[in-house]
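Enquirer: Sequence first, predicted model second:
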Amino acid sequence: MTTSTTTIPTEHASKYLQQLCKHFAHKLAVTFDEHAGSITFSIGECRLKTEDGALRIDLTAPNAEDMEQLKDVVIRHLVRFAFREELSPTWQNA
């Protein structure tokens with residue numbers, strides 16, 4: 001298993017967390033509230049958490065290839081929801 005984490009500064013962390021989870025809830029296993037969420041993809045797991053002025057994203061995937069795809073899917077959707085601000089994730093791989 002491979003893991004990767006990013007913390008993205010934004011005052012709208014809870015809003016984006018909920019939008020992301022609601023979006024994927026139509027097709028995937030999702031749980032969330034205003035402070036934390038989890039999305040289970042076929043290629044891995046995404047856990048979201050609001051922190052003071054930031055959104056933390058923790059990803060887990062079986063291999064590096066799936067991890068890159070998971071990062072792309074999650075961030076691409078997040079950026080679409082956050083079109084009013086520029087989000088710049090910096091991933092920390094474990």
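Expert: That came in fine, so what should we check first?
Enquirer: pretty sure His23 is touching His77, no?
Expert: Yes. Counting by C-beta atoms under 8 Å, His77 is a contact partner of His23 at 6.3 Å. Where C-beta positions appear, they are placed from N, C-alpha and C, glycine not excepted.
Enquirer: Tell me the spacing between Phe83 and Ser14.
Expert: 17 Å (C-beta to C-beta, to the nearest Å).
Enquirer: So between those two, which is more surrounded?
Expert: Ser14 (18 against 8; other C-beta atoms under 10 Å).
Enquirer: Could you list which residues are in contact with that one?
Expert: Glu34, His35, Thr50 (C-beta atoms under 8 Å, 6 or more residues apart in numbering).
Enquirer: For the buried ones among these, write the corresponding PyMOL selection.
Expert: Buried residues within the contacts of Ser14, by 16 or more other C-beta atoms under 10 Å, are selected in PyMOL with:
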select buried, resi 50
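Enquirer: Please identify which of the contacts of Ser14 is nearest to Ile57.
Expert: When the contacts of Ser14 are compared for distance to Ile57 (C-beta to C-beta), Thr50 wins out at 10.9 Å.
Enquirer: Need the nearest residue in space to that closest one, chain neighbours excluded.
Expert: Ala13 (4.2 Å; C-beta to C-beta, 6 or more residues apart in numbering).
Enquirer: wait, what's in contact with the one you found?
Expert: So Ala13 contacts Thr50, Glu51, Gly53, Ala54, Leu55 (C-beta under 8 Å, 6+ apart).
Enquirer: Isn't Ala61 up against Gly44?
Expert: Yes. At 3.4 Å, Ala61 counts as touching Gly44 under the criterion of C-beta under 8 Å.
Enquirer: that older thread, tell me the one among the contacts of Ser14 nearest to Thr3.
Expert: Nearest member of those to Thr3, counting by C-beta to C-beta, is Thr50, at 19.6 Å.
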